[in-house]
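Colleague: Would you be able to build a 3D model of this:
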Amino acid sequence: MNKKLILALFIIPAFVFAFNPIKITWEQLSDVTFKKKWSSTENMFLLEPQFGPKVTALKGKEVALTGYMIPVDVDANYYVLSSNPFASCFFCGGAGPESVVSIKFKKVNKRFNTDDRVTIKGVLRLNVDDINDLNYILEGAEVIG
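Modeller: Modelled structure (predicted):
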């Protein structure tokens, strides 16, 4: 077999595969339960996420997820990706905290409207400690579709 054919058949697909994000679903992100935990600094009970094995396996990996954009603070380029449109999202009481992901863009090239349906890739971070952010965070995020 000639060397160019070997390169085309084996090496290039492996190289491309190594840089493709893992496509995940909102169902996978539902592998989480919440336990009440007392916070002495906040002087109240908070819900602490207990991530299941499906979610834990994705920690620190580049993933791609499709959902609805929710502008939280457009001046600060802070957006949330939701499994549901705004009218039935977590913030309106129609879904749980596992249905939203905080988006930390690598670079924002445009402003998004509420309910723009997009696919975003980024490195998945699981947040247990920072009560000022969501449980799921995509860092270095980019719109890919």
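Colleague: Determine the longest strand present in this structure.
Modeller: strand 62-73 (DSSP state E).
Colleague: Neighbouring strands - and their directions - for it?
Modeller: Strand pairing for strand 62-73, using DSSP bridges, gives strand 22-23 (parallel), strand 78-82 (antiparallel), strand 117-126 (antiparallel).
Colleague: Redo those as a markdown table? Include mean pLDDT and distance to Arg111.
Modeller: C-beta here means a position set from N, CA and C on the backbone, and glycine is covered the same way. Formatted as a markdown table, the strands paired with strand 62-73 follow (pLDDT from 0 to 100; distance: least, CB to CB, whole Å):
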| stretch | mean pLDDT | distance to Arg111 |
| --- | --- | --- |
| strand 22-23 | 97 | 26 |
| strand 78-82 | 93 | 9 |
| strand 117-126 | 97 | 12 |
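Colleague: pretty sure Gly145 is touching Thr119, no?
Modeller: Yes. If you go by CB atoms under 8 Å, Gly145 and Thr119 touch, sitting 3.7 Å apart.
Colleague: Helices of this protein, start to end?
Modeller: Assigned by DSSP state H, the helices in the chain fall at 3-6, 12-18, 26-29, 53-56.
Colleague: where does this structure have low pLDDT?
Modeller: Residues of the chain meeting the criterion pLDDT under 70: 1-19, 90-94.
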